[in-house]
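S.K.: Pasted the sequence and its predicted model underneath.
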Amino acid sequence: MADIAFIFHWPLADLRALDCDELLHWHELALDRWQKANPPPKDAP
């Protein structure tokens with residue numbers, strides 16, 4: 001939940017309303033958004 005709240009700025013009350021499948025879906029979207037915004041350095045192995 002913390003990943004979703006951090007990326008999308010959602011309050012805990014909104015996150016509690018989601019079921020497990022929705023949480024997993026939004027977690028994947030949050031991870032994808034984080035990775036696009038923070039790509040690894042070009043010289044990383």
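M.R.: That came through fine.

S.K.: Spatially, what comes nearest to the most centrally placed residue in the chain if we skip its sequence neighbours?
M.R.: The residue lying closest to the centre of the chain (C-alpha atoms, centre = their mean) is A30, at 2.1 Å. Leaving aside its sequence neighbours, A30 sits nearest to I7 (C-beta to C-beta, 6 or more residues apart in numbering; 4.0 Å). (Each C-beta comes from the backbone N, C-alpha and C, glycine too.)

S.K.: Tell me if I'm right that L23 and L15 touch.
M.R.: Yes - using C-beta atoms under 8 Å, L23 is in contact with L15, at 7.3 Å.

S.K.: who touches both of those two?
M.R.: Shared contacts of L23 and L15, defined by C-beta atoms under 8 Å, 6 or more residues apart in numbering, comprise M1, I4.

S.K.: what's next to stretch 9-18, contact-wise?
M.R.: Contacts of stretch 9-18 (C-beta under 8 Å, 6+ apart): M1, I4, A5, L23, W26.
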